[in-house]
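[1] take a look and give me a structure for this.
(one chain, ligands or ions: 2)
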Amino acid sequence: MNTVQVAVGVIRRADDVFICLRSEHQHQGGKWEFPGGKIDHGESVVEALKRELQEEIGISVIRCRPLIEITHDYGDKRVALLVREVLDFNGEPHGVEGQQHKWCPIDSLNPADFPTANVAILDALTTSK
Ligand SMILES: Nc1nc2c([nH]c(=O)n2[C@@H]2O[C@H](COP(=O)(O)OP(=O)(O)OP(=O)(O)O)[C@@H](O)[C@H]2O)c(=O)[nH]1
Ligand SMILES: [Mg+2]
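    Ligands and ions are numbered 1, 2, ... in the order given. Take a look at the predicted model:
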């Protein structure tokens, strides 16, 4: 099985992070996620992150830094999440595709609400707080 490379953005504002609800028809539907998506052929992680965050939540990423990289096998799909913390951006994050979204306190994030691969992201956030 090949591994799907995914650019994922963690956007923090003080003690909150911005998260979106995955629609039921998507892989891991009904779970909350950090916005992002598949890296296209020939694209860098940062290029993909900028494109996905513009398409999904309507912001222009100005500056980001690596937070963590996770490889996870869901059985039906193997993913590599290349997670970047977004440090500066233009615009106000919202659900461009009509998806539910919210700012959630890092302390209140429940791993059970996220895809399994995200547990390591939540750990990284709690320890870097
Ligand atoms: N965006 C995002 N994807 C995640 C997270 N955690 C996680 O396991 N994934 C997995 O990463 C894979 C690709 O993400 P995606 O579905 O957002 O990709 P995309 O925006 O290109 O989707 P599309 O094919 O519906 O256009 C999915 O299999 C998804 O389940 C997360 O926090 N954010
Ligand atoms: Mg996506």
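
[2] give the rounded mean pLDDT of stretch 27-46.
    Stretch 27-46 shows a mean pLDDT of 98 in the predicted model.

[3] in that stretch, what counts as buried?
    Neighbour-count burial for stretch 27-46, counted by 16 or more other C-beta atoms under 10 Å, picks out Q28, K31, W32, E33, F34, P35, G36, G37, I39, E43, V45, V46. C-beta: built from backbone N, CA, C; applies to glycine.

[4] which residues are in contact with the residue nearest the centre of the chain?
    By C-alpha atoms, centre = their mean, the mean C-alpha position of the chain lies nearest to F34, the distance being 2.6 Å. By C-beta atoms under 8 Å, 6 or more residues apart in numbering, F34 lies in contact with V8, G9, V10, I11, V17, F18, I19, C20, V83, N118, I121.

[5] which members of the residues you listed occur in strands, if any?
    When DSSP state E defines the strands, the subset of the contacts of F34 inside them is V8, G9, V10, I11, V17, F18, I19, C20, V83.

[6] restrict the residues you listed to those near ligand 1?
    With C-beta under 6 Å from any ligand atom as the criterion, the ones in strands among the contacts of F34 include V8 near ligand 1.

[7] including neighbour count and distance to R63, could the ones in strands among the contacts of F34 go into a markdown table?
    Below are the ones in strands among the contacts of F34 laid out as a markdown table (neighbours: other C-beta atoms under 10 Å; distance: C-beta to C-beta, whole Å):
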| residue | neighbour count | distance to R63 |
| --- | --- | --- |
| V8 | 26 | 16 |
| G9 | 26 | 12 |
| V10 | 22 | 13 |
| I11 | 22 | 12 |
| V17 | 21 | 17 |
| F18 | 22 | 16 |
| I19 | 22 | 20 |
| C20 | 21 | 21 |
| V83 | 25 | 15 |
